[in-house]
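Visitor: need the 3D shape of this:
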Amino acid sequence: MKLFRQLPLHLMIAALASMPVFAEDAAKKDADSDAAETAVRETSPMIEGVDIPTADILEPKTFSTAFRLYSEGGLASRLILGPFKRLNVGFTLDAQNLVGGGEPDMITPSLFLKLRAFDGTDILPALAFGFDNSGYLWQDDTDDFLQKERGIYFVGSHEIFLPDMELHAGMNWPRVDESGTPFGFFGMTWKFIPSFALMAEYDNVQDGPNNRFNLGGRMWVTPYFNIDLAARNVGRDADSGAERIVRINYVANFPF
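Guide: Presented below is the predicted three-dimensional model:
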């Protein structure tokens with residue numbers, strides 16, 4: 001009888017002794033989950049190809065800076081913020097002849113906005129909508145860009161055929177107040193090793209002679225620092241905007 005009276009006490013002691021084990025298992029599961037999530041985001045997202053946007057966006061509370069070196073000593077500097085889960089905002093500062101002997105010429109700053117509307121499924125692509133009024137190769141004689149800005153756009157992205165090979169396609173309206181005629185774009189990015197991706201795209205699809213074919217590569221020096229080497233408007237001459245560019249990209253967390 002004494003043994004039965006002490007049984008609840010023994011069970012309580014056993015339960016208390018097992019609590020650290022359960023807590024340790026829960027902590028281990030949380031750590032494994034965090035590690036898995038970190039592994040998924042082991043490198044910075046590909047929010048764009050050479051020129052075309054993708055449906056990827058920055059993670060919340062992160063930011064990216066990009067410095068694009070282009071023809072005749074030009075430098076376009078861009079800052080993008082990820083203040084919320086699905087929203088990216090930013091701006092671009094563009095200066096021509098910044099490097100070299102020409103007189104520097106500051107272009108009107110441009111705005112950047114992207115909203116990821118749908119994350120996609122195994123069948124359906126991820127979707128994003130955005131606005132970007134940063135054009136390419138400002139011309140003083142026409143007081144306009146040689147290659148118009150993206151304007152309002154939507155884009156879908158989905159993995160095809162091989163792991164980390166993604167197809168991107170969308171439409172954009174550079175200047176709705178002029179003609180309202182939409183343009184198309186499509187391209188592919190393939191990150192066939194963790195530190196390097198190939199990029200190929202066909203842009204400005206609608207205005208036949210001004211369609212652009214771009215090729216490039218992106219190399220991750222560190223998980224959040226990468227460098228692009230690309231050729232724009234391949235097969236055309238310099239008067240049509242053919243050029244070779246270098247872009248330096250960096251992603252980091254907010255400092256607060």
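Visitor: how about low-confidence regions in the stretch 151-256 of the chain?
Guide: Within the stretch 151-256 of the chain, the ranges that satisfy pLDDT under 70 run 176-179.
Visitor: go again with 90.
Guide: 174-181, 206-210, 235, 237-241, 254-256 (pLDDT under 90).
Visitor: show me where it has its strands.
Guide: In the stretch 151-256 of the chain, the segments counted as strands under DSSP state E, counting those that start in this stretch are 151-159, 165-173, 183-193, 196-205, 212-222, 225-232, 243-253.
Visitor: so can I have CSV of those showing distance to Asp94?
Guide: (Each C-beta comes from the backbone N, C-alpha and C, glycine too.) Converted to CSV, those look like this (distance: least, CB to CB, whole Å):
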stretch, distance to Asp94
strand 151-159, 16
strand 165-173, 19
strand 183-193, 21
strand 196-205, 18
strand 212-222, 18
strand 225-232, 15
strand 243-253, 13
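Visitor: closest to Gly130 out of those strands?
Guide: Closest approach to Gly130 among these is made by strand 151-159 (5.5 Å; CB to CB).
Visitor: pull out the buried residues from the closest one.
Guide: Gly151, Ile152, Tyr153, Phe154, Val155, Gly156, Ser157, His158 (16 or more other CB atoms under 10 Å).
Visitor: can I get those residues in a markdown table including distance to Asp122?
Guide: Output for the buried residues of strand 151-159, formatted as a markdown table (distance: CB to CB, whole Å):
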| residue | distance to Asp122 |
| --- | --- |
| Gly151 | 32 |
| Ile152 | 29 |
| Tyr153 | 25 |
| Phe154 | 21 |
| Val155 | 19 |
| Gly156 | 14 |
| Ser157 | 14 |
| His158 | 9 |
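Visitor: from these, which two are the most distant?
Guide: Of all pairs in the buried residues of strand 151-159, the most separated under CB to CB is Gly151 and His158 at 23.4 Å.
Visitor: quick revisit: so which of the strands of the stretch 151-256 of the chain gets nearest Asn88?
Guide: Nearest of these (CB to CB): strand 243-253, 11.5 Å.
Visitor: and the contacts of that closest one?
Guide: The contact list for strand 243-253 (CB atoms under 8 Å, 6 or more residues apart in numbering) reads 44-45, 50, 58, 61-71, 137, 218, 224-233.
Visitor: okay, the angle between that strand and strand 212-222?
Guide: Angle, strand 243-253 to strand 212-222, by axes from the mean of the first three to the mean of the last three CA atoms, to 10 degrees: 40 degrees.
Visitor: strand 243-253: partners in the sheet, and parallel or antiparallel?
Guide: strand 62-70 (antiparallel), strand 225-232 (antiparallel) (DSSP bridges).
Visitor: so which bits of that strand are buried?
Guide: Neighbour counts over strand 243-253 (16+ other CB under 10 Å) mark Glu243, Ile245, Arg247, Asn249, Tyr250, Val251 as buried.
Visitor: of those, which is the nearest to Val205?
Guide: The closest of the buried residues of strand 243-253, once distances to Val205 are taken by CB to CB, is Glu243, at 19.5 Å.
Visitor: mind pulling the model confidence for the residue lying closest to the closest one once chain neighbours are set aside?
Guide: Of all residues not flanking Glu243 in the chain, Ser71 sits nearest, at 4.4 Å (CB to CB, 6 or more residues apart in numbering). As predicted, Ser71 sits at a pLDDT of 91.
Visitor: I'd like the distance between Ser71 and Pro53.
Guide: Distance, Ser71 to Pro53, using CB to CB, to the nearest Å: 22 Å.
Visitor: could you do Tyr153 as well?
Guide: To Pro53, Tyr153 is 6 Å away according to CB to CB.
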